[in-house]
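Asks: Sequence first, then the predicted structure:
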Amino acid sequence: MTVRQTFDFVTQEATDVKQIRTFKDKVHFTYFNENGLWAKKRAVDKRINKAVAEGRCKSGAVLAFGSLSNFSYDTMKRLIGKKHVSGIEWSVFSEMLVDEINKANDFADSKEV
């Protein structure tokens with residue numbers, strides 16, 4: 001018999017997504033936990049916003065790479081609202097978000113002084 005992981009464990013206590021058992025909870029970890037991918041996305045969004053504010057890149061960078069790039073957020077919101085998240089949905093979403101974070105980091109790195 002498996003014990004269900006609590007929402008508090010998933011969103012506050014877990015330190016790595018590998019600790020999470022269900023795909024639905026992996027989505028919750030990604031968004032709510034400070035160790036999740038969404039925290040990394042917010043950090044790179046701040047870097048891009050700062051680069052735009054300092055004039056190191058054009059404002060379109062916020063739309064292309066930064067906080068106005070909504071596709072991953074909309075996908076995550078849809079997955080959080082679902083009763084069941086499949087392994088394929090989780091895999092595609094997490095790979096897409098990692099790729100988006102990496103591209104945004106690369107862009108932000110290229111604009112650093």
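Replies: Thanks, I have it.
Asks: And the residue nearest to the spatial centre of the chain, which helix or strand is it part of?
Replies: Of all residues in the chain, the one closest to the mean position by Cα atoms, centre = their mean is Trp38, 2.8 Å from it. The secondary structure element spanning Trp38 is helix 37-53 (assigned by DSSP states H and E).
Asks: How about the residue nearest to the centre of the chain: what's its closest non-neighbour residue?
Replies: What sits nearest to Trp38 in space, not counting adjacent residues and going by Cβ to Cβ, 6 or more residues apart in numbering, is Tyr31, at 4.8 Å. Just so you know, the C-beta spots here come from the backbone N, C-alpha and C atoms, and that holds for glycine as well.
Asks: For the lowest-mean-pLDDT helix or strand in the chain, which residues meet the burial criterion?
Replies: Within the chain, confidence by mean pLDDT, DSSP states H and E is lowest for helix 60-64 among all helices and strands, at a mean of 90. Applying a neighbour-count criterion of 16 or more other Cβ atoms under 10 Å, one finds 61-62 buried in helix 60-64.
Asks: do stretch 36-44 as well
Replies: Going by neighbour count (16+ other Cβ under 10 Å), the buried part of stretch 36-44 is 36-38, 40-41, 44.
Asks: so which two of the residues you listed are the farthest from each other?
Replies: Of all pairs drawn from those, the one with the largest separation by Cβ to Cβ is Gly36 and Val44; the distance is 13.7 Å.
Asks: contacting residues around Leu97?
Replies: 30, 37-38, 41, 72, 76 (Cβ atoms under 8 Å, 6 or more residues apart in numbering).
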